[in-house]
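*Asks:* Fold the following.
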Amino acid sequence: MKKIFFSVGEPSGDLHGSNLIRELRKRCPDLQAVGYGGPKMAAAGCELHEDMTRLAVMAIWLALRHLHQFLGLLWRADRYFRDHRPDAVVMIDFPGFNWWIARRAKARGIPVIYYGTPQLWAWASWRVRKMRRFVDHVICKLPFEVPWYAERGVTARFVGHPYFDQLAAQTLDSAFLDEQRRAGGRMVAILPGSRTQEVLGTLPSFLRVAALVQRELPETRFAIASYSPRHDALARKILAAMPESERPRLEFHVERTQELMSSAVCCVACSGSVSLELMHHAKPTVIYYRVNRRGYLLQHVLRKCNFITLVNLLAVAEPFRRGWASVYDPDAANAIDVPFPEYLASADKAPEIAAWIRRWLDDPQELRRREAWLIQLRDRFGHPGASVAAADYILSVLRDDGGERRAA
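*Replies:* Now for the predicted structure:
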């Protein structure tokens, strides 16, 4: 019987981990999956030692608040590696914690597999040294990652993005879609992110976008797609805090992201993997991510890719920038045309975002051009099969490593 220890900390990683576990167990029914993950992985048959998705944090100061918990989880994992010795450790995203998991697994002589690697090519290229030192097998979600790793002495395998497995298997609620069609008017979906700090950072600006658009196009509907009931309550609180005269008319929905994408004419969204879902639905979207002033200045030094949006990176011939460069501005006279106008900013960009939405609503031809562009990208990159390919590769690794250990 094969035993794999998983270390997964993000809600998106929980989703991808659950699909991977299902594919692994189809091929190896007695496989034992244990470790750190989330409720979706537990539902797929993983014996959770801890629900790590509740500790999913981004900012350094937030991670420090939970440092004692992370240290305790690292200690527990190391004891498990010593006492139960899994056949492999599979990590998904969550690099801050997972580097330490990889370090302890490597010290115990356990093969380490990174599925869905952190975006080292975007922010922290020097960390590729950790990848070479602590990770035995790298499995990539994006095609341009493989040559990037190869240039730095890391052999990687491209399997595709697991989001497309989930999207291909999803069934939309037809009754809800019918309700949206009967509501009439043109609807713009607001996608403020799946993390609380993202909602706090983006939603106030998105509400101002809605108010600005409705001022000129009053028949336009705006609907918020909240990740959870807690985020729905937060969205309503943010709206209530606005002066009554400035509040837009809004619809609130929880766990209806796919249906709202499908029903919308166009969208506004927080940066993230959601751009792949928007590409799947071929929905023109303005992307926005708000950082503080210090974070914005660091972008000029640390970020090595030309865009923050995955779909934009897939759409261009050269996703990486050389040397120093300013943050991309879609309104600049010399701006490269990309599928999703994107704003990485420390300031409110509601007027600029609203201008794009009004332009698309007033120009159906431009809207159709962007839809066609997204369909072309979807046909090229948006194929399911990542979970199957990753499961096959991981099991081949276990067979090879097991044979080497027996021979030794």
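
*Asks:* Quick check, pLDDT for the residue nearest to D331 when sequence neighbours are not counted.
*Replies:* Excluding its sequence neighbours, the residue lying closest to D331 (CB to CB, 6 or more residues apart in numbering) is E352, at 6.1 Å. Glycine gets a C-beta too; all of them are placed from N, C-alpha and C. pLDDT recorded at E352 is 98.

*Asks:* Can you tell me which helices and strands the helix or strand hosting E352 packs against?
*Replies:* Assigned by DSSP states H and E, E352 belongs to helix 350-362. Applying 3 or more CB pairs under 8 Å, 6 or more residues apart in numbering; DSSP states H and E, one finds that helix 350-362 contacts helix 196-216, strand 266-270, strand 285-290, helix 364-381.

*Asks:* Which of the ones you listed sits closest to A88?
*Replies:* helix 364-381 (28.1 Å; CB to CB).

*Asks:* Give me the contact list for the closest one.
*Replies:* Under the contact criterion CB atoms under 8 Å, 6 or more residues apart in numbering, helix 364-381 has outside partners 143, 161, 265-266, 278-280, 282-284, 311, 314-315, 339, 359-361.

*Asks:* tell me the angle of it relative to strand 285-290?
*Replies:* Counting by axes from the mean of the first three to the mean of the last three CA atoms, to 10 degrees, helix 364-381 lies at 80 degrees to strand 285-290.

*Asks:* Would you indicate which residues of helix 364-381 are buried?
*Replies:* Buried positions in helix 364-381, judged by neighbour count with 16 or more other CB atoms under 10 Å: 367, 370-371, 373-374, 377-378, 381.

*Asks:* Repeat that for stretch 287-302.
*Replies:* Buried residues in stretch 287-302, defined by neighbour count with 16+ other CB under 10 Å: 287-290, 299.

*Asks:* And for stretch 145-164?
*Replies:* 145-146, 148-149, 154, 156-164.

*Asks:* and if you look at stretch 231-245?
*Replies:* 231-232, 234-235, 238-239.

*Asks:* so which pair among those residues is furthest apart in space?
*Replies:* Taking CB to CB as the measure, the buried residues of stretch 231-245 span a maximum distance of 12.6 Å, between H231 and L239.

*Asks:* sorry, back to before: pick out whichever of the buried residues of stretch 145-164 sits closest to L203.
*Replies:* Distances from L203 to the buried residues of stretch 145-164, taken by CB to CB, are shortest for Y163, at 22.8 Å.

*Asks:* Report the contact partners of the closest one.
*Replies:* 12, 16, 273, 276-277, 280.

*Asks:* how does it look with 7 Å?
*Replies:* 273, 276-277 (CB atoms under 7 Å, 6 or more residues apart in numbering).

*Asks:* just P162 next, same as before
*Replies:* Contacts of P162 by CB under 7 Å, 6+ apart are 16, 19, 116, 141, 386-387.

*Asks:* In helices, which of these fall?
*Replies:* Judged by DSSP state H, the contacts of P162 include 16, 19, 386-387 as members of helices.

*Asks:* If any of those residues are buried, put those into a ChimeraX selection.
*Replies:* The ChimeraX selection below is limited to those of those classed as buried (16+ other CB under 10 Å):
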select :16,19,386,387
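
*Asks:* got CSV for the ones in helices among the contacts of P162, with pLDDT and distance to G295 too?
*Replies:* Output for the ones in helices among the contacts of P162, formatted as CSV (pLDDT from 0 to 100; distance: CB to CB, whole Å):
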residue, pLDDT, distance to G295
H16, 93, 27
N19, 94, 32
A386, 96, 31
S387, 96, 34
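
*Asks:* gap between the nearest residue in space to Q180 that is not next to it in sequence and R181?
*Replies:* With sequence-adjacent residues excluded and distances taken as CB to CB, 6+ apart, Q180 is closest to S263, at 4.0 Å. S263 sits 7 Å away from R181, going by CB to CB, to the nearest Å.

*Asks:* Neighbour count: these two, which is higher?
*Replies:* Legend: neighbour count by other CB atoms under 10 Å for S263 and R181, higher for S263 (22 against 10).

*Asks:* Kindly provide the distance from that one to E179.
*Replies:* Separation of S263 from E179 (CB to CB): 9 Å.

*Asks:* on that earlier part again, need the helices and strands packed on helix 350-362 in CSV with mean pLDDT and distance to R186, can you?
*Replies:* As requested, the helices and strands packed on helix 350-362 are arranged in CSV below (pLDDT from 0 to 100; distance: least, CB to CB, whole Å):
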stretch, mean pLDDT, distance to R186
helix 196-216, 96, 10
strand 266-270, 98, 9
strand 285-290, 96, 15
helix 364-381, 97, 10
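
*Asks:* can you map out the helices along the stretch 201-350 of the chain?
*Replies:* Under the criterion DSSP state H, counting those that start in this stretch, the stretch 201-350 of the chain carries helices at the ranges 229-241, 257-263, 274-280, 293-302, 310-315, 350-362.

*Asks:* how about those helices, which one is nearest D78?
*Replies:* Of all the helices of the stretch 201-350 of the chain, helix 293-302 comes closest under CB to CB, at 30.8 Å.

*Asks:* Put the alpha carbons of the closest one into CSV.
*Replies:* Listed next in CSV are the C-alpha coordinates belonging to helix 293-302 (Å, rounded to 0.1, in the frame of the first residue of the first chain):
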residue,chain,number,x,y,z
ARG,A,293,2.3,52.1,-1.0
ARG,A,294,5.3,50.1,0.1
GLY,A,295,4.1,47.0,-1.7
TYR,A,296,3.5,49.0,-4.8
LEU,A,297,7.1,50.4,-4.8
LEU,A,298,8.5,46.9,-4.3
GLN,A,299,6.7,45.7,-7.5
HIS,A,300,9.3,47.7,-9.5
VAL,A,301,12.1,45.8,-7.8
LEU,A,302,10.9,42.3,-7.1
